[in-house]
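K.L.:
Using only what follows, build the 3D model:
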Amino acid sequence: GKPYEIFLIDLILGPGKNGIEAMKMLRRASPDSDAIIFTGFGDMESGLMAYRAGAFRYLSKPFDNQEMLYLVEALKEWRKTQREHSWQKIFGSMMEAALKQKKFHAVAKVVVNHSLKLGFERAHLFWVPTREDVNTGNLFGEACAGKDRTPNFGGSLFPDWYGLGRVRKSRNVVFINKDEINEHRQGSKRSEGRSFSLQGEAAALPLWRGEILIGILLLDYGRSDKILSEHGRSMLNLFARQVSVAMDHASIYASEKWALKEAEIIRNIVHDVTTRAAVASLPKLLEEVRNQIGQLMDVSNFAVALLDKEIDELTFYLLYEQGKPKEGIRRPASQGLESFLLKQQGGLFLKNGDVEKFVEKKHIRVYGRMPAGWLGVPLRVGDATIGVLTLQRFAGDKDFSERDRQLLVSVADQLAAAIHISHLAEVEREDARRMQNLQRASVDMLWLARENERHLWDVVLTLTTANFGLGFNRSLLLTTNDNQRFLCG
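P.N.:
Model prediction:
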């Protein structure tokens with residue numbers, strides 16, 4: 001059946017039954033699971049035996065329910081962190097191995113083989129053909145790996161693959177269950193001769209190059225009905241962007257033979273945003289990315305701005321003009337070339353001499369000095385645009401090239417995922433800090449309730465409006481009178 005994350009096992013299970021032996025048996029069936037063993041009061045020896053046998057922790061009875069809940073939450077958080085670190089190492093290893101390959105198919109094999117290291121049973125990498133005569137909804141089988149993988153997959157052209165067509169419209173990973181596969185098998189004969197059985201669910205990772213879908217990576221657990229956790233699903237979106245970058249650059253290298261230095265810079269950027277997204281501050285992360293890009297192109301006029309939808313405003317987390325940094329810059333999201341970028345949901349590439357004509361035609365207000373050339377791409381997480389990445393050129397500067405545009409698109413895909421993870425990490429840290437403050441305050445409020453009711457309500461109102469508390473803008477307290485018929489402010 002489906003694997004469990006945590007086993008809670010009593011040391012004494014009855015005559016002739018031992019909780020430690022039961023744990024060993026269960027973990028043989030579910031090796032990725034962890035266990036907490038309950039022991040008798042003061043039975044430290046049995047607890048240490050359980051710990052040496054592989055238990056995460058032991059808990060002496062009797063215990064407080066809150067203590068057990070805390071221990072389970074701690075174990076879940078530890079498992080999440082371990083899984084994330086493990087996957088990030090595989091992501092980095094995949095990217096490093098891919099960038100060492102010079103042939104497109106070799107990179108595809110690296111991708112599918114590393115996908116199996118994430119715990120999947122099978123991996124199928126489809127590529128979208130670039131020739132117009134075959135690119136009419138077809139998918140090209142590039143590489144596959146794992147047990148029970150599809151025979152004759154490589155080099156085959158698929159009009160459809162059990163309904164993968166709907167993945168073409170998504171920026172996020174799409175999960176497909178066995179019922180959907182069976183339904184499509186019965187309703188279509190186009191995949192006839194290529195049987196694909198599924199017991200649990202499959203993850204279809206869309207691979208994008210800017211606005212263009214370049215491929216789909218299909219991962220599944222084969223005959224197991226295992227399903228991914230919510231955190232694992234979120235990490236797969238990051239993996240999809242990593243694979244997109246690796247495959248995109250393999251394609252570009254094959255056709256244009258990109259310089260080794262460019263590949264190394266991309267690898268460094270990917271490594272930085274992958275390993276530091278959850279721990280480094282966002283401005284420092286963006287500064288490092290700018291320095292890396294600066295080895296390939298002029299970044300004297302470079303900007304990364306994030307959208308605040310609530311107030312329709314762009315905040316520039318990193319802004320350089322003529323090589324000088326500027327801080328605290330905010331602009332209306334409805335104005336400037338950035339606004340056009342947000343509205344059209346696509347990149348904007350204006351060569352030297354084209355900007356003035358473009359802004360005049362579109363009635364766009366330009367802040368500061370009029371640039372000669374402008375290059376911008378949206379930062380996207382799934383289907384949502386969260387900000388923009390832009391570069392400017394002025395009169396006398398070297399013009400942008402198509403290679404510059406492709407590099408910026410690749411960087412934007414990586415940055416968007418990193419910004420999303422960094423934001424989630426900041427939210428989690430802020431929530432944890434507020435929860436600690438509220439827990440400490442709850443103790444004080446119990447004392448105040450006995451000593452001075454007026455002070456108690458003052459503390460409650462402060463906690464609801466202060467930044468260290470709930471952070472609301474306003475708070476109104478209403479209490480009932482003695483007969484419960486009226487409210488008093």
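K.L.:
use CA for all of it now, contacts and neighbours both
P.N.:
Noted.
K.L.:
what's across from residue 487 in the sheet?
P.N.:
When bridges are called by DSSP bridges, residue 487 pairs up with residue 480.
K.L.:
again with residue 7
P.N.:
Those that pair with residue 7 in a beta bridge, by DSSP bridges, are residue 35.
K.L.:
which residues does it contact?
P.N.:
For residue 7, the contact set (C-alpha atoms under 8 Å, 6 or more residues apart in numbering) comprises 23, 33-36.
K.L.:
For the nearest residue to residue 393 once chain neighbours are set aside, grab phi and psi.
P.N.:
Spatial nearest neighbour of residue 393, excluding adjacent residues (C-alpha to C-alpha, 6 or more residues apart in numbering): residue 373 at 4.7 Å. Backbone torsions of residue 373, given as degrees, to the nearest 10, read phi -130, psi 150.
K.L.:
what's around residue 312, how many residues?
P.N.:
Other residues within reach of residue 312, judged by other C-alpha atoms under 10 Å, total 11.
K.L.:
same thing with residue 488?
P.N.:
By other C-alpha under 10 Å, neighbour count at residue 488 equals 8.
K.L.:
what about the helices in the stretch 101-250 of the chain?
P.N.:
104-117, 178-187, 230-256 (DSSP state H, counting those that start in this stretch).
K.L.:
Can you spell out which helices and strands pack onto the next helix or strand after the longest one?
P.N.:
The reference is to helix 230-256. Next helix or strand after helix 230-256 toward the C-terminus (DSSP states H and E): helix 260-276. Helices and strands touching helix 260-276, by 3 or more C-alpha pairs under 8 Å, 6 or more residues apart in numbering; DSSP states H and E, are helix 65-100, helix 282-293, helix 402-451.
K.L.:
now the angle between helix 230-256 and the longest one, please.
P.N.:
Following axes from the mean of the first three to the mean of the last three C-alpha atoms, to 10 degrees, one obtains 170 degrees for the angle between helix 402-451 and helix 230-256.
K.L.:
mean confidence score for helix 402-451?
P.N.:
Averaged over helix 402-451, pLDDT sits at 74.
K.L.:
try stretch 111-118
P.N.:
On average, stretch 111-118 scores 94.
K.L.:
Which residues does that stretch contact?
P.N.:
Outside stretch 111-118, the residues that touch it by C-alpha under 8 Å, 6+ apart are 87, 90-91, 94, 98, 122-125, 143-146, 219, 243.
K.L.:
Centre of the chain to that stretch, how far?
P.N.:
18 Å (C-alpha atoms, centre = their mean, to the nearest Å).
K.L.:
picking up where we left off before, turn the helices and strands packed on helix 260-276 into JSON lines, including mean neighbour count and distance to residue 475.
P.N.:
Shown next, in JSON lines, are the helices and strands packed on helix 260-276 (neighbours: other C-alpha atoms under 10 Å; distance: least, C-alpha to C-alpha, whole Å):
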{"stretch": "helix 65-100", "mean neighbour count": "16", "distance to residue 475": "31"}
{"stretch": "helix 282-293", "mean neighbour count": "18", "distance to residue 475": "32"}
{"stretch": "helix 402-451", "mean neighbour count": "17", "distance to residue 475": "16"}
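K.L.:
So of the contacts of stretch 111-118, which two are at opposite extremes in space?
P.N.:
Every pair in the contacts of stretch 111-118 was compared (C-alpha to C-alpha); the two farthest apart turn out to be 87 and 143, at 21.3 Å.
K.L.:
follow-up on the earlier one: by pLDDT, give me the weakest of the contacts of residue 7.
P.N.:
residue 33 (82).
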